[in-house]
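S.K.: Test case, fold it:
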Amino acid sequence: MHLPSVGLGTMGIDDPEPVATALSLGYRHLDTARIYGNEAVVGDGLAEGLAASDVDRDEVTVATKLWVDDLGAADVGPTARESADLLGVETLDLLYVHRPRGAYDPVETLPALDRLVDEEVVREVGVSNFEVDQLDRAIDTLDAPLAAHQTELHPLFYRPELLEHAREHGYTVVAYSPLAGGRVSEIDAVVEVAEAHDATPEAVAIAWATAKEPVVTIPKASSEGHLRANLAAAEIELTPEEVAAIDAVEREEELFPE
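M.R.: This is a model prediction of the structure:
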């Protein structure tokens, strides 16, 4: 699945305007989730953005995630259809299992997702916050190819084994919280690289993530200035030495543990 280097994460966004503005600036990947409670807001922003531009709906990847309560075999279909209605789309471009817990059972949940692909309710299937063994089980169980794995990835939390698995199996890694919850400006290695490029630490954090194949990012932003800056960050080219310096940052615990 082809996804742009920078998409829009929408957790906490409760106004359609940032979504519409993002589309006008060139964003073509919108990411939300059932648990965010804002699928209708994102859908309104999508509709406004499409109406105000010459962007075709097919150019925009609209992604959402089934929460742990929605993963029973009988719940997957109705919940996905409700999400599509809230988002105002006929087809969900990418539907994730948000976390492999709660009602998640690979032999029940994943075939239900396959049925949604067959019924053209969903175009592509993804998973989020999975471990390597859970990824292997998902790939073995799904009929549809695994399109993406969404995982926390930023200079303070980086798991190379997940990227290597993605390379081996040909799916995209979608990095959430690439700005480490606003903490990247406190990381010396990131600040030093930013100074060398006359860029912000936030821009360098995105550039560092997108330098890692096959990673794309979905930073959240609400203001037009931040939306523009995040989109432009993927154009920064870091040297291998700069990437290695950030790789060597002493890691801390993840922001969103299980």
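S.K.: where's Glu124, which helix or strand?
M.R.: strand 122-128 (DSSP states H and E).
S.K.: which strands and helices sit next to that strand?
M.R.: Under the contact definition 3 or more C-beta pairs under 8 Å, 6 or more residues apart in numbering; DSSP states H and E, strand 122-128 sits against strand 92-97, helix 106-118, helix 132-141, strand 146-152. (C-beta placed from N, C-alpha, C; glycine too.)
S.K.: neighbouring strands for that strand, and are they parallel or not?
M.R.: strand 92-97 (parallel), strand 146-152 (parallel) (DSSP bridges).
S.K.: Could you tell me how far Gly213 is located from Ser5?
M.R.: One correction, residue 213 is Glu, not Gly. Note on Glu213: its distance to Ser5, by C-beta to C-beta, to the nearest Å, is 11 Å.
S.K.: So which of the two has more stuff around it?
M.R.: Ser5 (17 against 10; other C-beta atoms under 10 Å).
S.K.: was I right about the more buried one contacting Pro214?
M.R.: No: the pair Ser5 / Pro214 is not scored as a contact, 10.7 Å apart, by C-beta atoms under 8 Å.
S.K.: Mind pulling up the pLDDT for Gly12?
M.R.: Looking at Gly12, its pLDDT reads 97.
S.K.: Which stretch among the strands paired with strand 122-128 approaches Glu59 most closely?
M.R.: Among the strands paired with strand 122-128, strand 92-97 comes nearest to Glu59, with 10.5 Å by C-beta to C-beta.
S.K.: chain center to that closest one: distance?
M.R.: 11 Å (C-alpha atoms, centre = their mean, to the nearest Å).
S.K.: between that strand and helix 132-141, how many degrees?
M.R.: 130 degrees (axes from the mean of the first three to the mean of the last three C-alpha atoms, to 10 degrees).
S.K.: Excluding its own residues, what touches strand 92-97? List them.
M.R.: With contacts defined as C-beta atoms under 8 Å, 6 or more residues apart in numbering, strand 92-97 is touched by 1, 33, 60-66, 71, 80, 83-84, 104, 109, 113, 116, 121-128, 130, 138, 147-148, 150.
S.K.: I figured Val184 hits Ala203, correct?
M.R.: No: in this structure, Val184 is not within contact of Ala203 by C-beta under 8 Å, at 9.4 Å.
S.K.: higher neighbour count, those two?
M.R.: Between Val184 and Ala203, counting by other C-beta under 10 Å, Val184 is the more crowded of the two (26 against 23).
S.K.: show me the contacts for that one.
M.R.: His154, Pro155, Val190, Pro201, Glu202, Val204, Ala205.
S.K.: okay, those residues in JSON lines with secondary structure and neighbour count next?
M.R.: As requested, the contacts of Val184 are arranged in JSON lines below (DSSP: H, G, I helix; E, B strand; the rest coil; neighbours: other C-beta atoms under 10 Å):
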{"residue": "His154", "secondary structure": "strand", "neighbour count": "27"}
{"residue": "Pro155", "secondary structure": "coil", "neighbour count": "24"}
{"residue": "Val190", "secondary structure": "helix", "neighbour count": "27"}
{"residue": "Pro201", "secondary structure": "helix", "neighbour count": "24"}
{"residue": "Glu202", "secondary structure": "helix", "neighbour count": "22"}
{"residue": "Val204", "secondary structure": "helix", "neighbour count": "28"}
{"residue": "Ala205", "secondary structure": "helix", "neighbour count": "31"}
